[in-house]
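Chemist: coords please:
(chains A and B)
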Protein chains: 2
Amino acid sequence: MEDTEFQALYALKMRECEEVLARYLPEAKGEQKTLLEAMNYSLLAGGKRLRPILMRETFRMLGGRGRVIEPFMAAMEMIHTYSLVHDDLPAMDNDEMRRGKHTTWYVYGDAMGILAGDGLLNYAFETAMKGFDFAEKKEDEPAQAKVYRYRAVADALRTLAEKAGIYRMIGGQALDVESEKKQYPLSESQLIFVHKHKTAALIEGSMMVGAILAGGSEKTVERIAECAEKIGIAFQIQDDILDVEGDSAELGKNTGSDEKDHKSTYVTIHGMEKAKADVEQLSREARQILSQIRGDHEFLEQLVLWLIDRRF
Amino acid sequence: MEDTEFQALYALKMRECEEVLARYLPEAKGEQKTLLEAMNYSLLAGGKRLRPILMRETFRMLGGRGRVIEPFMAAMEMIHTYSLVHDDLPAMDNDEMRRGKHTTWYVYGDAMGILAGDGLLNYAFETAMKGFDFAEKKEDEPAQAKVYRYRAVADALRTLAEKAGIYRMIGGQALDVESEKKQYPLSESQLIFVHKHKTAALIEGSMMVGAILAGGSEKTVERIAECAEKIGIAFQIQDDILDVEGDSAELGKNTGSDEKDHKSTYVTIHGMEKAKADVEQLSREARQILSQIRGDHEFLEQLVLWLIDRRF
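Modeler: Next up, the predicted model:
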């Protein structure tokens, strides 16, 4: 696949994702209108929609059919968005800009920023639970088939909650914030903990939910989790690289912020050369796992390649 | 039942609840230890445990058996606790004390306060999802029986998420915060919206989850929801009354804060006399619904009565 062809395909899949998301957005009306507006503002402020795309493409690659994946795609993007909204708060990173736009708290005030994040997290679960509507969709199906569907939706829900939770994403975020607030740099092993938890967890969750809802075997789900962890860590190292070498206009945020904040990053600990080599290595390993899976894995492999070359 | 007898029974049920909660607490260890400590600090800072008690007693009244209720009891208390933790933040109500103890952000800093709240909300759903373990507990059960169990747990989960969410608890909280920050007093209808949403929603959710997991019919669940809404509103009006007449030492927080903050309350809008009469009326109606339900409703009726006389 040519690079321009891939770009066009990715843009198409982004639009697909945004259409799904639009169907699950809360309508901004009623006494809590400002809250709902703040949530929609955050969700529609752009972004690569990487997580729902990874989820749906994994689902497709493994032969998944139907629309049960859609509430989970929207839910995952809501969880990712809430984590950014809370991350940007004055009490946390105090960021005024993200993706070239003002952050949620900057527009709506920090009390509403906290509540919009809470709202997104809670609504993510409400949304994902709509997956249960698909469990009993076919009334005349034998009970055992319904049990299989319930089990898959329940597993997908548990995976979503676990990866977003205190032993994964929030856990990584907590260590990151603590080291910043107390101004001690992360050790090498702590940095890997943060990368694995803060970033890789949702990417893992996205691909695993896709695999589970496609009816993948336990072994397949495990292989997908392994692959996703490699993608997630490579993605975060690439972020560290871009903070040094990237173009702030294209990124929509200031570069050099890690250095300014005296943060440990993969680049400060291991040097630029090793950082780049490790991204390449992880990407190669991830693509190898994908290539061994039966199904059309071309788009996902291309996506992994592109994640290395991205400049935004 | 004598009042002292009721008090002793309530204390017993509180201990029961706290034992359940203790089984679902995250162990404070690992790289994210501070986060887990902050969560446990918040969960163990006392409180009446009213919501899980209402949940379990409704479950019992309707003939519910087994332990499927327990993860939901813990989850509900986690959701209630996260809402207090975020409510107390400097960017929200800026409260340093609650229940006679320092608030979570005051002890752990406000960044960790935000994350502890996020952690509690996410972990609440992780915990409630353990309810699915009970759906397939009996392997040799016919598939249709498993479908019934899955359906009940899924319904209970959806109820939990909905009542805690943007159309109920968070929605009420958002309107309340907005009126405070923009310093306009709530109108009569807005105040009722806040009371119904911010406070009554979790009480409704608690009793409804109890009814759903006990296998109550749709009609029974509806009646319970009606009853719970009355209890929830009466409970919040009573809070407004105690803010004027209560003893700050017994309450563990300062009284007179609503007046100081120029907040609209049920008392400022309707006067003390009507506030008290309405609490009595709502309580009577709630007890009437309970008395019509088959099952042992004595404890719950007594609990409703006690909620009116409470001084803390």
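
Chemist: number of nearby residues for residue A:140?
Modeler: When counting by other CB atoms under 10 Å in any protein chain shown, one arrives at 4 neighbours for residue A:140. For glycine as for every other residue, the C-beta is placed from the backbone atoms N, C-alpha and C.

Chemist: and if you look at residue A:134?
Modeler: 19.

Chemist: Check residue A:143 too.
Modeler: The burial count for residue A:143: 13, using other CB under 10 Å.

Chemist: For it, give its distance to residue B:4.
Modeler: Here the criterion is CB to CB, to the nearest Å. By it, residue A:143 lies 51 Å from residue B:4.

Chemist: What of residue A:34?
Modeler: Using CB to CB, one gets 48 Å for the distance from residue A:34 to residue B:4.

Chemist: Out of the two, name the residue with the larger neighbour count.
Modeler: residue A:34 (19 against 8).

Chemist: Can you tell me the closest non-neighbouring residue to that one?
Modeler: Leaving aside its sequence neighbours, residue A:34 sits nearest to residue B:178 (CB to CB, 6 or more residues apart in numbering or on different chains; 5.7 Å).

Chemist: C-alpha coordinates for the host helix or strand of the one you found, CSV please?
Modeler: Residue B:178 is part of helix B:169-181, with elements assigned from DSSP states H and E. C-alpha atoms of helix B:169-181 as CSV (Å, rounded to 0.1, in the frame of the first residue of the first chain):
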residue,chain,number,x,y,z
MET,B,169,-26.1,12.4,39.9
ILE,B,170,-23.4,14.2,37.9
GLY,B,171,-26.1,16.2,36.2
GLY,B,172,-27.5,17.5,39.5
GLN,B,173,-24.0,18.2,40.7
ALA,B,174,-23.2,20.2,37.5
LEU,B,175,-26.2,22.5,38.0
ASP,B,176,-25.4,22.9,41.6
VAL,B,177,-21.8,23.8,40.9
GLU,B,178,-22.7,26.1,38.1
SER,B,179,-25.1,28.1,40.2
GLU,B,180,-22.5,28.4,42.9
LYS,B,181,-19.7,29.5,40.6
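
Chemist: which element follows that helix toward the C-terminus?
Modeler: Under the assignment DSSP H and E, the closest C-terminal helix or strand after helix B:169-181 is helix B:188-194.

Chemist: So which other helices or strands are in contact with that next one?
Modeler: Packing partners of helix B:188-194 (3 or more CB pairs under 8 Å, 6 or more residues apart in numbering or on different chains; DSSP states H and E): helix B:169-181, helix B:266-270.

Chemist: got the contact list for the shortest one?
Modeler: Read that as helix B:266-270. Under the criterion CB atoms under 8 Å, 6 or more residues apart in numbering or on different chains, residues B:188, B:191, B:195, B:236-237, B:240-241, B:243-244, B:258-259, B:275, B:278 lie in contact with helix B:266-270.

Chemist: Need these in CSV (columns: pLDDT, neighbour count and secondary structure).
Modeler: Formatted as CSV, the contacts of helix B:266-270 follow (pLDDT from 0 to 100; neighbours: other CB atoms under 10 Å in any protein chain shown; DSSP: H, G, I helix; E, B strand; the rest coil):
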residue, pLDDT, neighbour count, secondary structure
B:188, 92, 11, helix
B:191, 94, 23, helix
B:195, 93, 24, helix
B:236, 93, 23, helix
B:237, 94, 23, helix
B:240, 92, 23, helix
B:241, 93, 18, helix
B:243, 89, 21, helix
B:244, 91, 15, helix
B:258, 68, 17, helix
B:259, 67, 13, helix
B:275, 95, 20, helix
B:278, 95, 15, helix
